[in-house]
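[1] Output the structure for:
(one chain, ligands or ions: 1)
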Amino acid sequence: MRAADDKAVKTVTFFRGDGIGPEISDSVFAIFQAAHAPVKFEIFNVGEAEYNRNGKLIPDEAFASFEKTKVLLKSPITTPVGKGFRSLNVTMRKKYDLYANFRPAKSNSAVPTPFPNTDIVTFRENTEDLYAGVEEKISDNEMHSIKIITRDKSERICRSAFDFAVQNGRKKVTCIHKANIMKLTDGLFLDVFYDVAKDYPSIEAKDMIVDACCMNLVLDPTKFDVMVTENLYGDIITDLTSGLIGGVGLMPSANVGTDMAMFEAVHGSAPDIAGKNIANPTAFLWSACMMLDHIGLGEYGDMIRTAIKNVMDEGVHTTKDIGGNASTTEYTDAVINEIKKLLAMAA
Ligand code: NAI
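    Numbering: from 1, shown residues only. Modelled structure (predicted):
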């Protein structure tokens with residue numbers, strides 16, 4: 001492990017979000033500081049409070065920062081249901097074409113679940129499908145939402161999944177769809193998947209209808225390796241895969257485009273537990289570690305991941321959502337103590 005001074009400091013844009021966002025953000029700041037991670041965050045408040053203050057969900061300077069740094073760590077943000085502004089997450093993914101949403105779900109020996117051998121990586125297309133936001137009011141009693149699937153965007157997400165499989169020694173990629181009903185849109189996605197699969201003969205290519213996928217995931221998740229799917233199915237299925245490993249508090253994610261990337265936990269702003277100091281910051285921390293890998297600081301990511309694992313294995317300072325009693329800050333302090341031990345051993 002190198003001393004922090006050996007590394008040039010990297011600048012990363014940070015959105016603080018709302019709900020549990022500020023609490024889990026503080027956890028990341030404290031842990032990065034303890035690890036001497038050479039990262040300077042440009043921090044912005046975004047979301048509803050910011051909107052009410054100056055009429056903009058995301059201040060112009062925050063966009064400018066991301067366009068400069070190309071890397072964003074984003075804590076969760078509340079989206080009003082059925083009214084108000086468009087989801088900020090959807091906005092960011094579309095505006096910067098962060099098309100590949102990478103969501104790994106791996107069982108953790110410290111968190112007992114009925115599914116101890118789960119290791120599934122989902123690639124969710126992030127920019128089109130029903131999330132394209134093309135909705136139309138026909139009358140007070142009829143609303144339409146248009147599903148958009150294109151060949152180019154389907155191809156690049158399928159390639160991302162197969163490339164990942166090859167680079168990470170995975171054996172199988174399963175395409176999740178509903179082409180039996182949506183013959184044109186999902187039919188196109190499925191056709192493209194099998195076309196792309198021809199370029200990756202070493203990887204087994206399979207497909208499954210989304211409802212059957214949900215049943216099979218809870219019957220035997222070890223049947224799945226890498227999955228690739230459209231935007232809406234991916235959103236839903238990855239909450240399911242997070243449930244298999246112990247909940248949304250344990251699931252990180254990356255949204256990757258051609259030259260920009262945004263890292264965030266899969267979970268939302270959890271308003272039901274906001275301000276109570278009980279949120280589990282692990283998913284956000286792991287997302288931050290993926291961000292460190294992405295910017296060439298993987299050794300710091302590894303140190304933080306090891307510290308988290310040690311705290312979880314010990315089982316004394318884990319948060320309520322995974323069966324423990326610790327507060328967010330007690331858990332954070334425990335991770336910091338582990339980091340101090342790791343740094344002392346490496347000195
Ligand atoms: P949610 O993921 O915020 O919460 C679902 C359940 O999981 C709640 O019981 C919550 O307490 C629990 N939970 C979530 N994160 C947790 C954590 N770190 N530690 C412990 N427990 C945790 O989903 P919900 O309630 O449907 O959405 C709340 C808000 O978040 C909505 O406005 C939604 O639009 C927004 N949202 C934002 C996302 C983002 O910014 N990436 C992603 C998903 C939802």
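[2] Show me where the protein has its strands.
    10-15, 39-44, 71-74, 100-106, 119-125, 135-139, 142-145, 172-177, 204-209, 226-229, 252-256, 261-265 (DSSP state E).
[3] any chance of those strands in JSON lines, plus mean neighbour count and distance to L285?
    (Glycine included, C-beta is placed from N, CA and C.) Formatted as JSON lines, those follow (neighbours: other C-beta atoms under 10 Å; distance: least, C-beta to C-beta, whole Å):
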{"stretch": "strand 10-15", "mean neighbour count": "22", "distance to L285": "14"}
{"stretch": "strand 39-44", "mean neighbour count": "18", "distance to L285": "13"}
{"stretch": "strand 71-74", "mean neighbour count": "24", "distance to L285": "10"}
{"stretch": "strand 100-106", "mean neighbour count": "22", "distance to L285": "14"}
{"stretch": "strand 119-125", "mean neighbour count": "24", "distance to L285": "19"}
{"stretch": "strand 135-139", "mean neighbour count": "8", "distance to L285": "36"}
{"stretch": "strand 142-145", "mean neighbour count": "10", "distance to L285": "35"}
{"stretch": "strand 172-177", "mean neighbour count": "24", "distance to L285": "28"}
{"stretch": "strand 204-209", "mean neighbour count": "17", "distance to L285": "32"}
{"stretch": "strand 226-229", "mean neighbour count": "28", "distance to L285": "24"}
{"stretch": "strand 252-256", "mean neighbour count": "22", "distance to L285": "8"}
{"stretch": "strand 261-265", "mean neighbour count": "26", "distance to L285": "9"}
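[4] Tell me which of those sits nearest to the ligand.
    strand 261-265 (5.0 Å; C-beta to the nearest ligand atom).
[5] Tell me the helices and strands packed up against the closest one.
    strand 71-74, helix 88-95, strand 252-256, helix 282-294 (3 or more C-beta pairs under 8 Å, 6 or more residues apart in numbering; DSSP states H and E).
[6] pLDDT value on T79, please?
    For T79, the pLDDT comes out at 77.
[7] neighbours of it, just the number please.
    Look at T79: counted by other C-beta atoms under 10 Å, it has 18 neighbours.
[8] Excluding covalently adjacent residues, which one is nearest to it?
    Spatial nearest neighbour of T79, chain neighbours left out: S87 (4.4 Å); criterion: C-beta to C-beta, 6 or more residues apart in numbering.
[9] surely that neighbour meets P76?
    No - using C-beta atoms under 8 Å, S87 is not in contact with P76; the gap is 11.2 Å.
[10] what does stretch 89-97 rub up against?
    Defining contact as C-beta atoms under 8 Å, 6 or more residues apart in numbering, one finds that stretch 89-97 is touched by 57-58, 66, 72, 74, 77, 79, 98-99, 101, 126-127, 131-133, 255, 257-258, 260, 262, 264.
[11] That one near the ligand at all?
    Yes - with C-beta under 6 Å from any ligand atom as the criterion, the ligand is reached by stretch 89-97 at N89.
[12] tell me the average confidence for that stretch?
    87.
[13] Which positions within that stretch qualify as buried?
    N89, V90, M92, R93, K94, Y96 (16 or more other C-beta atoms under 10 Å).
[14] what residues are up against the residue in the stretch 101-250 of the chain that the ligand sits nearest to?
    Closest approach between the stretch 101-250 of the chain and the ligand, counting by C-beta to the nearest ligand atom: G249, at 3.6 Å. Contacts for G249 were tallied using C-beta under 8 Å, 6+ apart; they are A265, H267, A279, N280, T282, A283, T319, D321, I322.
[15] The first one touches S253, doesn't it?
    Spelled out, that is A265. Yes - A265 is within contact range of S253, at 6.9 Å (criterion: C-beta under 8 Å).
[16] can you list residues touching both of the two?
    Shared contacts of A265 and S253 (C-beta under 8 Å, 6+ apart): S287.
[17] Ignoring the adjacent residues along the chain, who's closest to F32?
    In space, F32 is closest to V39, 6.0 Å off (C-beta to C-beta, 6+ apart).
[18] now E136
    Once flanking residues are discounted, E136 sits nearest to H144: 4.6 Å by C-beta to C-beta, 6+ apart.
[19] which residues touch the one you found?
    Residues near H144 by C-beta under 8 Å, 6+ apart: E135, E136, I138.
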